[in-house]
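**Q** mind folding the following:
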Amino acid sequence: MIQSTKELSEELQKREGVRTVKVQPHEEFKIIANQKEIILSGPAIIMINQD
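**A** Numbering: from 1, shown residues only. Below you'll find the predicted structure:
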């Protein structure tokens, strides 16, 4: 059975160790890690998996 990206994301969001940040349409956000910077705009769902 093939799951859609949406279904996989929804399942991951329910799990322990996963934090989710929802970004609204046209809202800008920045990610900085390892001296690298990425600037994007929503809509987006950012998931942080620290499991």
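**Q** and residue 29, how close does it get to residue 2?
**A** Using Cβ to Cβ, to the nearest Å, one obtains 30 Å as the distance from residue 29 to residue 2. Heads up, the C-betas are built off the backbone N, CA and C, glycines and all.
**Q** same check on residue 39?
**A** Distance, residue 39 to residue 2, using Cβ to Cβ: 33 Å.
**Q** of the two, which one has the most company?
**A** residue 39 (9 against 4; other Cβ atoms under 10 Å).
**Q** identify the residue nearest that one in space, chain neighbours excluded?
**A** residue 30 (5.0 Å; Cβ to Cβ, 6 or more residues apart in numbering).
**Q** leaving aside the residues adjacent along the chain, what's closest to residue 25?
**A** Nearest in space to residue 25, with sequence neighbours left out and distances taken as Cβ to Cβ, 6+ apart, is residue 43 at 4.6 Å.
**Q** list the contacts of the one you found.
**A** Residues in contact with residue 43, defined by Cβ atoms under 8 Å, 6 or more residues apart in numbering, are 23, 24, 25.
**Q** again, but for residue 15
**A** When contacts are counted by Cβ under 8 Å, 6+ apart, residue 15 is found next to residue 51.
**Q** what segments of the chain are helices?
**A** Using DSSP state H, the helices of the chain run over 5-13.
**Q** could you tell me how many residues sit around residue 45?
**A** 14.
**Q** what sits against it?
**A** Applying Cβ under 8 Å, 6+ apart, the residues near residue 45 are 9, 13, 20, 21, 22, 23.
**Q** just give the nearest non-adjacent residue to the fifth one, would you?
**A** Leaving aside its sequence neighbours, residue 22 sits nearest to residue 45 (Cβ to Cβ, 6+ apart; 5.6 Å).
**Q** for residue 1, see how far away that neighbour is.
**A** Going from residue 45 to residue 1 by Cβ to Cβ gives 22 Å.
**Q** and what of residue 46?
**A** If you go by Cβ to Cβ, the gap between residue 46 and residue 1 works out to 27 Å.
**Q** can you get me the start-to-end distance on stretch 27-39?
**A** Stretch 27-39 has its terminal residues 11 Å apart, counting by Cα to Cα, to the nearest Å.
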